[in-house]
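Student: Any chance you can model this:
(one chain, ligands or ions: 1)
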Amino acid sequence: MSPALHLTGIDAATRAPIDLYFDGARVVGTGETTDSVIPVISVDGYVLPGFVDAHCHIGYSMSGAVGIGEAERQARRNLAAGVLVIRDCGSPLDTSALAGRDDLPVLIRAGQHIARPKRYIRDLSVDLDDPADLVAEVTRQAARGTGWVKLVGDWIDRSIGDLAPLWPDDVLAEAIAAAHDAGARVTAHVFGEDALPGLLAAGIDCIEHGTGLTDETIREMVCRRTHLVPTMINIANFPQFADAADRYPAYAKHMRDLHARSDETFGKAVDAGIPVHAGTDAGGYIEHGRIVDEIIALTRTGMDRRAVLRAAGHDARTWLGEPAYSRADALVFADDPAEDLERLRRPLAVIRAGRIVAGSHRDNGDGGDDGPHHGPGPGIRLA
Ligand SMILES: [Zn+2]
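Tutor: You can find the predicted model right below:
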């Protein structure tokens, strides 16, 4: 039987005091613990509920689709970086075997991306010849995933040489309503301006990337409480995408313009009150495990450091139906990470389902600063 864990300290995002008992994956109220649970590991420090990577792709890499073994390694790389919940934003691989496991991040899955022929990255999406088939396909993918459906909202249309929407507005309205009827939320990849009004009017729940947001579509997202996952470390690749598209100068210019004003666009979205979350877009052009880079990038929107930590943790968890600490998950730091976000790269302990699964305290067995110790202050004490 694994030892219980007594977690104390201060929540680095909310400043709330933390005093929690984890008995395996069970969170036990402090009042009811004394008789039933004898904590044998005490962990104290600056605490966070763990990061949510709100836009991640488990099951493919820079070289294309991977098998389930590599997909599991991808999930582990995210876990070691402090990601305790992943919202998988579309994968060609059936990753259901990796869901519901206490040794991996909580995995919330969209099915496979839904696109049209030649209108997305090759081999990743289900491509529909007839856009009217979207309604039936959304229902199919809602059944394949666990709560989310992923649409490709816009992509380069080579016949016009620029970004363009994939779906007619009336089809979107019907498809998103069908997903909601099936109990799933819908999100869409959108780089440009033109696909946004139709997606928002159709009642989409979240926008991925959103570089084409305007004052008008920002207002619409605020009214509809639509969330935004900007994937800022992937937006940094836009100039590269433009360089690779020299046959399509209008597209290349469009991508460079969207990139040039992206910090300002996301800043306006934050100022307007749109809920924004941290998503790396790991899988295609981004390596897995880069959540801290995305969290640091989000400060460029003007959010202060504690607000960014809440957005990437508490708020994202609530949004996804996984409230903070409800799964006996936490990250613990020796020093306040809100004072210096670089500290997020070195958690003392990554706790998943009541067990310490990673963290710097394991780096050395010499009883140094990060090792188990018996003095006062942040650290891990073995009773
Ligand atoms: Zn993506």
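Student: count of neighbours near E264?
Tutor: 12 (other C-beta atoms under 10 Å). C-beta: built from backbone N, CA, C; applies to glycine.
Student: And the residue of the protein closest to the ion?
Tutor: D281 (4.4 Å; C-beta to the ion).
Student: Now do the SS call for the residue positioned nearest the centre of the chain.
Tutor: In the chain, the C-alpha nearest the mean C-alpha coordinate belongs to A54, at 1.6 Å (C-alpha atoms, centre = their mean). Put simply, A54 is strand when judged by DSSP: H, G, I helix; E, B strand; the rest coil.
Student: just use 702 as the starting number from now, easier for me
Tutor: Yes, from this point I'll number from 702; that puts the last item at A755.
Student: what residues are up against it?
Tutor: Counting by C-beta atoms under 8 Å, 6 or more residues apart in numbering, A755 makes contact with R788, V930, H978, A979, G980, A1017, L1021.
Student: quick revisit: wait, the residue of the chain closest to the ion sits on C757?
Tutor: Yes. The pair D982 / C757 is scored as a contact, 7.4 Å apart, by C-beta atoms under 8 Å.
Student: ok, and what's touching stretch 990-998?
Tutor: 752, 754, 778-779, 781-784, 932-934, 937, 979-981, 983, 1009-1010, 1013, 1042-1043, 1045-1046.
Student: Near F1034, how many other residues are there?
Tutor: 23.
Student: Can you tell me the SS state at R1044?
Tutor: helix.
Student: sorry, back to before: torsion angles phi and psi at the residue of the chain closest to the ion?
Tutor: phi 70, psi 30 (degrees, to the nearest 10).
Student: buried residues in the longest strand anywhere in the chain?
Tutor: Secondary structure of the chain read by DSSP state E shows that its longest strand is strand 740-749. Judged by neighbour count using 16 or more other C-beta atoms under 10 Å, the buried positions of strand 740-749 are P740, I742, S743, V744, D745, G746, Y747, V748, L749.
Student: Name the nearest of these relative to Y1026.
Tutor: Ranked by distance to Y1026 (C-beta to C-beta), the buried residues of strand 740-749 are led by V748 at 8.6 Å.
Student: for that closest one, what are its contacts?
Tutor: L708, G710, I711, D712, A713, I719, A1031, L1032, V1033, F1034.
Student: count of residues packed around K954?
Tutor: K954 has 13 nearby residues by other C-beta under 10 Å.
Student: That one: what's it in contact with?
Tutor: So K954 contacts A943 (C-beta under 8 Å, 6+ apart).
Student: Would you mind listing what in the stretch 952-1084 of the chain touches the ion?
Tutor: D982 (C-beta under 5 Å from the ion).
Student: pLDDT wise, what is S703 at?
Tutor: The score at S703 is 72. That number is its pLDDT.
Student: Is it correct that it is in contact with D724?
Tutor: No. S703 lies out of contact with D724 (C-beta under 8 Å); the separation is 9.2 Å.
Student: Can I take it that T888 is in a strand?
Tutor: Yes. Assigned with three-state DSSP, T888 falls within a strand.
Student: Spatially nearest residue to it, not counting backbone neighbours?
Tutor: C907 (3.9 Å; C-beta to C-beta, 6 or more residues apart in numbering).
Student: got a pLDDT number for the residue nearest to H758 when sequence neighbours are not counted?
Tutor: Once flanking residues are discounted, H758 sits nearest to G984: 2.8 Å by C-beta to C-beta, 6+ apart. We have a pLDDT of 93 for G984.
Student: now do the same end-to-end measure for stretch 840-853.
Tutor: End-to-end distance for stretch 840-853: 16 Å, by C-alpha to C-alpha, to the nearest Å.
Student: buried subset of the contacts of stretch 990-998?
Tutor: 752, 754, 779, 782-784, 932-934, 979-981, 983, 1009-1010, 1013, 1042, 1045.
Student: From those residues, which land in strands?
Tutor: Those of the buried ones among the contacts of stretch 990-998 lying in strands (DSSP E): F752, D754, V784.
Student: Spell out the residue ranges of the helices in this structure.
Tutor: 734-737, 769-781, 835-845, 870-882, 897-902, 916-925, 933-936, 939-944, 950-961, 963-973, 992-999, 1006-1013, 1015-1020 (DSSP state H).
Student: What about the nearest residue to I857 once chain neighbours are set aside, how many residues nearby?
Tutor: Leaving aside its chain neighbours, I857 sits nearest to Y952 (5.2 Å; criterion: C-beta to C-beta, 6+ apart). Other residues lying near Y952 total 24 when counted by other C-beta under 10 Å.
Student: can you check D1030 too?
Tutor: Neighbours of D1030 (other C-beta under 10 Å): 27.
Student: For A833, list the residues it contacts.
Tutor: A833 neighbours (C-beta under 8 Å, 6+ apart): V872.
Student: So S1027 is in contact with V728, correct?
Tutor: Yes. Counting by C-beta under 8 Å, V728 is a contact partner of S1027 at 6.6 Å.
Student: of these two, who's got more company?
Tutor: V728 (16 against 13).
Student: Can you tell me, leaving aside adjacent residues, what's nearest to the more buried one?
Tutor: A1029 (5.2 Å).
Student: That's all I had, so thanks and see you.
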